[in-house]
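> Predicted model and sequence follow; I will ask about them next.
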Amino acid sequence: MNAHTDLIDRYFDAWNETDHTRRRELIAATWTTDADYRDPLLAGAGHDGIDAMIRAVHERFPHHLFRRTTQVDSFANRLRFSWELTTPEGDAIVKGSDFGVLDSHGRLQAVTGFLDQVPDGA
């Protein structure tokens with residue numbers, strides 16, 4: 001694995017973490033303090049905003065998990081990867097692709113997400 005793959009796997013670990021303290025540690029290790037996340041349904045700025053956004057997803061989709069579905073493609077300080085949100089039974093209900101910008105220390109400064117597949121009525 002390369003550093004970008006490790007970073008994005010840690011990104012998903014943060015998305016999947018239900019323990020508040022551990023999730024905050026993962027966010028701090030993955031994101032810059034002024035980080036920004038945006039997709040058509042969610043937005044979060046800074047560690048507090050990203051934590052609140054992830055917590056809201058856990059409340060709406062309890063026991064669901066995010067997982068990376070592609071390799072991490074990168075050049076310079078840009079990267080992209082795809083993912084899916086799965087039910088406790090393992091069925092993918094949402095799929096998307098994210099594009100990230102890294103700071104000079106290799107942490108996420110910004111992520112823009114696109115939803116490739118969403119359930120009807122979402």
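Looks like it arrived, so ask away. Numbering: from 1, shown residues only.

> I'd say residue 88 and residue 63 touch.
Yes: with contact defined as CB atoms under 8 Å, residue 88 counts as touching residue 63 (4.4 Å). (Glycine included, C-beta is placed from N, CA and C.)

> Could you pull out the buried residues of stretch 88-108?
Across stretch 88-108, burial judged by 16 or more other CB atoms under 10 Å covers 94, 95, 96, 98, 100, 101, 102, 107, 108.

> Quick check: the last one vs residue 59, distance?
Computed with CB to CB, to the nearest Å, the distance linking residue 108 and residue 59 is 23 Å.

> do residue 94 as well
16 Å.

> What segments of the protein are strands?
31-38, 43-45, 65-68, 73-75, 78-86, 92-102, 108-117 (DSSP state E).

> Can I get those in TSV including mean pLDDT?
As requested, the strands of the chain are exported to TSV (pLDDT from 0 to 100):
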stretch	mean pLDDT
strand 31-38	98
strand 43-45	97
strand 65-68	98
strand 73-75	94
strand 78-86	97
strand 92-102	97
strand 108-117	96
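
> Quick one: those as CSV, columns for distance to residue 24 too.
Below are those laid out as CSV (distance: least, CB to CB, whole Å):
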stretch, distance to residue 24
strand 31-38, 11
strand 43-45, 13
strand 65-68, 17
strand 73-75, 26
strand 78-86, 21
strand 92-102, 20
strand 108-117, 15
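
> Which of those sits closest to residue 25?
strand 31-38 (11.4 Å; CB to CB).

> Counting by contacts, list what that closest one packs against.
Helices and strands touching strand 31-38, by 3 or more CB pairs under 8 Å, 6 or more residues apart in numbering; DSSP states H and E, are strand 43-45, helix 46-60, strand 108-117.
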